[in-house]
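1. Dropping the sequence and predicted coords here.
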Amino acid sequence: MSNEHKVAIVTGASQGLGEAIARAFLSRGYRVVGTSRSIKPSDNPNYLTIAGDIGDPATGKQVVAQALARFGRVDTLINNAGIFVASEFTAYTEPQYRDMLSTNLNGFFYTTQHAVEAMLKQGSGHIVQITTTLVDQANSKVPSVLASLTKGGLAAATRSLAIEYASRNIRVNAVSPGIIKTPMHAPETHGALAALHPMKRMGEVTDVTQAVLYLEDAGFVTGEILHVDGGQVAGA
Ligand SMILES: NC(=O)c1ccc[n+]([C@@H]2O[C@H](COP(=O)([O-])OP(=O)(O)OC[C@H]3O[C@@H](n4cnc5c(N)ncnc54)[C@H](OP(=O)(O)O)[C@@H]3O)[C@@H](O)[C@H]2O)c1
């Protein structure tokens, strides 16, 4: 065990953006703790994986405790785990509402509480939420109020926590993606989804990992919602 390397926790790390963000931190020499429900064990000594539902208060507690036990510190938390269900407002079901609040909001809340406790003891830290540009730019072609409700909460909480902890050397930022090519979107939908961006293409996973790494390095940036959306937030 060593405290020489920085340590990042990435939620929703089994696939898509979370998997790529975890790999990006590993390739920078970080020790990484990745978590999701179905994540597989890792044989990389610098990468600890922990399976669990992020909406369960026990998962965030265990993830932070294991990061401290194995790697000695928590420098960065990427709150990436999330689910997206597009639906007309009145067609949303009670289970969909419950699941989106649990994963998108409870997962952020419990994990972040434990991470901030560790960061306060260390005297530094950085937290990044993955939100969505639909929060700022609703789209008549993609009715999805539960994405706005939950990710909008994360955007507001990003600014609130940034201010609460600014004087204590913990930065809090968000990346707000447009539509990114991950397993969330079936390939046959890519053409239609590309057309929803002023740049007329979907985002690549690397567009998001670059934004996360920029924020990680940007020591004077906090409370920022960094849009990586091919121009969506600027207008249609
Ligand atoms: N792709 C996009 O176009 C896009 C756009 C805007 C925002 N985002 C946001 O970016 C984040 C990642 O999206 P993605 O495209 O990479 O999605 P994805 O491919 O569907 O991956 C989602 C990840 O979250 C994990 N997860 C889901 N429910 C969970 C739960 N209850 N507990 C723990 N982990 C859970 C999944 O792992 P398990 O199934 O193993 O639990 C998986 O690792 C999400 O927050 C999403 O809302 C994505």
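-> Cool, the structure landed. Being a predicted model, the structure only gives us computed values, none of them experimental.
2. From now on I want contacts and neighbour counts done on CA atoms only, so please keep to that.
-> OK.
3. Count the residues that sit near residue 58.
-> Other residues near residue 58 number 13, with proximity taken as other Cα atoms under 10 Å.
4. near the ligand, which residues of the protein?
-> 12-18, 36-39, 52-55, 80-84, 103, 130-132, 177-184 (Cα under 6 Å from any ligand atom).
5. Run through the chain and note the low-pLDDT ranges.
-> Within the chain, the stretches with pLDDT under 70 are 1-3.
6. which residues of it fall in strands?
-> Taking DSSP state E, the strands of the chain run over residues 7-11, 31-36, 47-51, 76-79, 125-130, 170-177, 225-228.
7. Give the full set of residues in contact with the nearest residue to residue 122 once chain neighbours are set aside.
-> Leaving aside its chain neighbours, residue 122 sits nearest to residue 73 (7.7 Å; criterion: Cα to Cα, 6 or more residues apart in numbering). Counting by Cα atoms under 8 Å, 6 or more residues apart in numbering, residue 73 makes contact with 3, 6, 7, 67, 118, 122.
8. and those, which are buried?
-> Of the members of these, the ones counted as buried by neighbours, 16 or more other Cα atoms under 10 Å, are 6, 7, 67, 118.
9. mind listing what the residue nearest to residue 236 when sequence neighbours are not counted touches?
-> Excluding the flanking residues, the one nearest residue 236 by Cα to Cα, 6+ apart is residue 198, at 6.3 Å. Residue 198 is in contact with 230, 231, 232, 235, 236, counting by Cα under 8 Å, 6+ apart.
10. what separates the residue lying farthest from the centre of the chain from residue 105, distance-wise?
-> Most distant residue from the mean C-alpha position of the chain: residue 90, 27.6 Å away (Cα atoms, centre = their mean). Per Cα to Cα, to the nearest Å, residue 90 is found 21 Å from residue 105.
11. can you give me the helices for this structure?
-> Counting by DSSP state H, the chain has these helices, from start to end: 16-27, 57-71, 94-100, 107-122, 145-165, 190-194, 205-217.
12. which residues sit in contact with the residue nearest in space to the middle of the chain?
-> Most central in the chain under Cα atoms, centre = their mean is residue 80, positioned 2.2 Å from the mean C-alpha point. By Cα under 8 Å, 6+ apart, the contact list for residue 80 reads 10, 11, 12, 13, 17, 18, 129, 130.
13. Equivalent analysis for residue 226, please.
-> Counted by Cα under 8 Å, 6+ apart, residue 226 has contacts 173, 174, 175, 176, 211.
14. Closest to residue 44 out of these?
-> The closest of the contacts of residue 226 to residue 44 turns out to be residue 211 (Cα to Cα; 25.1 Å).
15. Contacts only, for the closest one.
-> Counting by Cα under 8 Å, 6+ apart, residue 211 makes contact with 175, 226, 228.
16. Need those in a markdown table (columns: distance to residue 161).
-> Formatted as a markdown table, the contacts of residue 211 follow (distance: Cα to Cα, whole Å):
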| residue | distance to residue 161 |
| --- | --- |
| 175 | 15 |
| 226 | 16 |
| 228 | 22 |
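17. that older thread, are any of the contacts of residue 80 buried, and if so which?
-> The neighbour-count test (16+ other Cα under 10 Å) marks 10, 11, 12, 13, 17, 18, 129, 130 as buried among those.
18. So of the residues you listed, which two are at opposite extremes in space?
-> Greatest spacing in the buried ones among the contacts of residue 80, by Cα to Cα: 13 and 129 (13.6 Å).
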